[in-house]
Structures are given as structure tokens and as C-alpha cells.
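Trainee: Just a sequence and a predicted model for now, questions to come.
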Amino acid sequence: MTHQKNHTQYTPSIIPLPVKLTPETGQFAFNHETIIECDPELKKIGEFLQNFLYPATTFEFNVKIIPPNHFNTNSIVLKLDNGLSHLGLEGYSIKITRENVIISALTSIGIFYGIQSLRQLLPPEIDHSNEVKNVNWGVSCVQIEDYPRFPWRGFMLDDARHFLGKEIVLKILDLLALLKMNVFHWHLTDDQGWRIEIKKYPKLTEIGSKRTSSQIGGFISKNQDGIPHQGYYTQDDIKEIVTYAANRGINIIPEIEMPGHCIAALSAYPEMSCSGGPFDVSSIVGIHKDVFCVGKEHVFTFLQNILKEIMTLFPSEIIHIGGDEVPKTRWKQCPDCQARIKMEGFEDEKDLQYYFTNRIVTFLALHGKRTMGWNQILNDTLPIDVISQYWMFDKKKVINHLKRGRKIVMSKYGRVYLDYGYAFTPLKKTYAYDPIPKKLAPQFHQNVLGIEAPLWTEWVRNAHNLYWQIFPRLFAVAETGWTQKILKSYTSFTSRLHTLSKRLDCLGINYAREKETNPTFLKRLFGIFTILVEPKRPTRNASIES
Ligand code: ACM
Ligand code: ZN
């Protein structure tokens, strides 16, 4: 498909950039009489659009169910169209004339993405939650045909290091939807906190969700703030959030970290460790030596019971089990772990982690689930349908697995880890990242599922700072995940960014300003050291975020 570069009339500022966009003359104006007309199957989505358009415009946008192709003038038409199978399951078409806005797609999620593009064609003020007067609520005539490059366009939130809470998570889901991102990977457990209610093991949250203090100043600092920190999601919260995400085409993939990064769990149930503890929920960041014991059978029972509850709460076919950064120190000293090594005829503790992973994989598979884990779980006996997530180390191994048919999601730390400062990871560097490894032959490209940007929150304590870290870099990630590689251009991206920034202003969301996102050469030269210290963020007149 070709892309119309002739934007002389006006420049629609859609991020991610659509595949094909043809500006036409004229405008469709919204007014008090404009209605939404849709197929019966799209009523819910029609109402979603109505609820979105109402607050800023105060136009009613009544939703009317219509028979196929019986729409009137002055309407936004939503319709499913079997003739659009060439746009795929997530693709959509928009045709804006002076009479109508027509959004059509093969599936309802395609319609939803069409609505998100329409949203970005409207003035940014449409994103205000209250009436905005004196705005021309019109959209220029245009034709768009669009579909994504990758099926996996994700964001990961570490809710363990700092508990962010339901309001922020819902807002993040809204922002992912704006960018046509479809995976919310939720890192819910770690050394510093256990954030999800498990009915069978109430101490996980009674004890594991609370710590007495937090490290401040950065990874090499010894300082503590002495302020207690706590929080967790009830199972009712989880159900509400999962539904909210599903209504926005977003799959939530829960991550329950194992066998490492689990001090919060061990503080509640020390008998799941090698030594028996005791432990305190950690107020120190980094890698901890105490991990789940792989020699004791009751550890597997414990983890499987937790996963059973996780599987009932999350409809996702994929469950993430972490698997990164597992020190072998305790396993080396533990009679139970050593007995397991001997009994199974393993070479060393590395095999013990593979054994652990493969057992959990088998358990999840019995329940119809696919396991996902960081690239440290990769081993020759790992079932081929297990998905891995590349972040660091072992790139060669990752490429070998891709060649064998394993599906992998790319999250290279220096490019898409959004917790890093802009001096280490400028916007331009994030934008330039391509998830397909250069050395990978084309026949294996389809094994790269897509891109995911993690936000680790050791140094992110509130929404204001969280949004500064992720925006605008998440826009870049979204464009890489959606837009065809050949159409990507940093110049075009930054010109569109301006409108998106105004939209964030309307939404009351903080973001790093242009000057901050691409620091000077000198600042970048010392960028590597900024990883070790707590990021310095500008203080702004932050009104809003909860
Ligand atoms: C990771 O950043 N430890 C996956
Ligand atoms: Zn052990």
C-alpha cells in the first residue's frame, strides 16, 4: 500500500501513523443533530463513542441501530464489513465526507481502533472532561485504511515496587487504547510488594503488601525514606479492571514472579524458601538471594494454588511467570534443592531453574494456558509454545529460539525501558528501535510478536512522575508496534507529537517536554550514570493526576 504524503491541506496528527491516508476537500461538522448509527452488534461500541464525545461537546449523539447500509446524513456510521478482510482482525477503514463519518471494519476491535483515529482527527479539546465552548467540532474529509504491523503492542507496569492503584491503572488503559496498544502486562509481585488478593493465602496481602520503608536516591544509595508503603488489588478490583481493559481491546497479562523476586511472598510464607526465613518485605531494590525453594514439593502446591486463582481472574490465554534474575546461592546450600538435583540427575542449579519453569509450564498448559517469561527462562527443553520476552543478555540464544519457531516479544532494556532517564534513553533512540533483530532472516520475522515497553517503578512514586517517564516515549513505542516500518519517520513523528501533547494537556496528563526528551550531547555522554541515581524530573504545575 502507498502512503499519501501530500498533506498540503492539513496534517492529521494521528499516532501511530496509519497505513494509508488520503486527505480530501471539505469538512464534516458535528452539531446537536449529529447521531451515531450502527449495526446491532456494535451498540455497545456506539455508546462508548457517545460517552466519549458528549462531555466536551455536550451534543447528545443519540445511538440508533440501523439495518445494513441504511444510514442517513449527519451521522457517524459504525459498521462491520466482511469485505474488509484484507485489513485483518484489527484493521479498519474511515471515510469522512461532508455528510458522514463512516467507520467500517471486519471486527468490533477494528471499529474501536477506527474510533481512536477519529478521536485524533478531532481537535484535542475533545479530550476534555467538561464542556469546551468555541471549538469547531469538525473533522476534515479524509479516507483512511489502516492495520497494525505487529499483533503485540504492549506496556508493562511494575505495580510491586510502588503501588499505583486502580484509578491510575484505568487511566493508563485509556491511554493505551488511544494509541491502539493491546497488551497490558501487569507486574503484580516482587521483593518489595505483593499486590493481588489471593483468597487461599491471605497473608500474601496482609503481610506481603506492606513495607516499612523505601530506598531513596537510586540503586547505589543506602538511604531510606522511613515511610511505610502499602497497597493491593482486591479480586473485585481485578475483575473491574479486566473488564475495563477488555472493553478497550486490551488483554491484561498478569505476571506472578517466580522463582526469584519473591521476598514479599516469602515474608508471608517463609516455609516456601530454602532456609525457612524469617523475611521482611524488602525496602531495598535490586536482586535478592532468597528465592522459592525448588526442592520442596509444598512450594509447587503453593504456587499452583496461586496460579489457579490467577487463571480464574484473568481470561488471558497467556500467564507471565517472570523467571529473570534468579541467584542460585540458596539452592546451592539447600539440602532439598540438592536432593532434587541428585534425584533428577541434573548437572547444576541452572538445570533446577529449567526444571522449575517446565513444571509450571506443564501445570498452566493443563489448564489451557500458555506460559510467558523473561528470556532467562529459555532452555532446550522448554515447550515451543512458551512465549519469551527479550530484555537483556543472551541475544544469540533468543535469535536461535526465534529460528526454531518460538514466539518472542521484544523489550530491549536500553531502548524501551521507560523508567530510564531521557539522558540514557532519548526519545529518538526509543523511536529508532526495531523489534526485528537485524540478523534474523525474513522467514522468521513472524516469530517476533511485537514490542512491549516496561515501566519499573523503583523510583516512580506517583502518577505525575509515571507519566513523565512514559510520555512521549510510549507514543514512539506505539508507532513502532503499529506502523509499517517503511512509513516510519522521526521528523513526521515529532511533527504529530505536538498535537498529541496538547491532547495530554486536555487530559491532564504530564509528559516530558521536547527539550527534555532529547538531551544535549554532553548530558547523554554521562547518561549511563543516570541509571544508578534517582531520575531528576522537572517540577511543574501539576494539577491533576490522582
Ligand atoms: C528485568 O528487567 N529484570 C526483566
Ligand atoms: Zn531449596
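Mentor: Great, that's in hand. It should be emphasised that the depicted structure is a prediction, and the values quoted were computed from it without experimental measurement. Ligands and ions are numbered 1, 2, ... in the order given.

Trainee: Roughly how far does whichever residue of the stretch 251-400 of the chain sits closest to ligand 1 sit from D190?
Mentor: Nearest residue of the stretch 251-400 of the chain to ligand 1: D324, at 4.1 Å (CB to the nearest ligand atom). From N, CA and C alone the C-beta is placed, and that goes for glycine too. Per CB to CB, to the nearest Å, D324 is found 11 Å from D190.

Trainee: where do the contact lists of the two overlap?
Mentor: Common neighbours of D324 and D190, using CB atoms under 8 Å, 6 or more residues apart in numbering, are H261.

Trainee: higher neighbour count, these two?
Mentor: Taking other CB atoms under 10 Å, D324 and D190 do not tie; D190 has more neighbours (28 against 17).

Trainee: Give me the phi and psi for that one.
Mentor: phi -170, psi -170 (degrees, to the nearest 10).

Trainee: and if you look at A177?
Mentor: According to degrees, to the nearest 10, A177 has phi -60, psi -40.

Trainee: what do you get for V77?
Mentor: phi -100, psi 130.

Trainee: wait, doesn't it sit right on A105?
Mentor: No: V77 is beyond contact range of A105, at 11.9 Å (criterion: CB atoms under 8 Å).

Trainee: When those two are compared, which one has more neighbours?
Mentor: A105 (27 against 23).

Trainee: So the more buried one versus D348, what's the distance?
Mentor: 53 Å.

Trainee: and if you look at I284?
Mentor: Where D348 is concerned, I284 sits at a distance of 28 Å (CB to CB).

Trainee: more crowded one of the two?
Mentor: Neighbour totals were compared for I284 and D348, and I284 leads with 15 against 11 (other CB under 10 Å).

Trainee: quick one: buried residues of stretch 130-149?
Mentor: 132, 135, 137-149 (16 or more other CB atoms under 10 Å).

Trainee: quick check, nearest of the residues you listed to P123?
Mentor: Using CB to CB, V135 comes nearest to P123 of the buried residues of stretch 130-149, at 5.4 Å.

Trainee: residues near the closest residue to the residue of the stretch 251-400 of the chain closest to ligand 1 other than its chain neighbours, how many?
Mentor: Distances taken as CB to CB, 6 or more residues apart in numbering put W374 closest to D324, at 3.8 Å, once the chain neighbours are dropped. Neighbour count of W374, defined by other CB under 10 Å: 23.

Trainee: same question, E325
Mentor: So E325, with other CB under 10 Å, has 15 neighbours.

Trainee: That one touches N375, doesn't it?
Mentor: No: with contact defined as CB under 8 Å, E325 does not count as touching N375 (11.3 Å).

Trainee: For S388, which three-state class applies?
Mentor: strand (DSSP: H, G, I helix; E, B strand; the rest coil).

Trainee: what residues are up against it?
Mentor: Shown in contact with S388 (CB under 8 Å, 6+ apart): 372-375, 377-378, 398, 401, 406-409.

Trainee: For it, list each beta-bridge partner.
Mentor: S388 forms beta bridges with G373, I408, as assigned by DSSP bridges.

Trainee: what residue ranges in the protein are flagged as low confidence?
Mentor: 1-11, 541-546 (pLDDT under 70).
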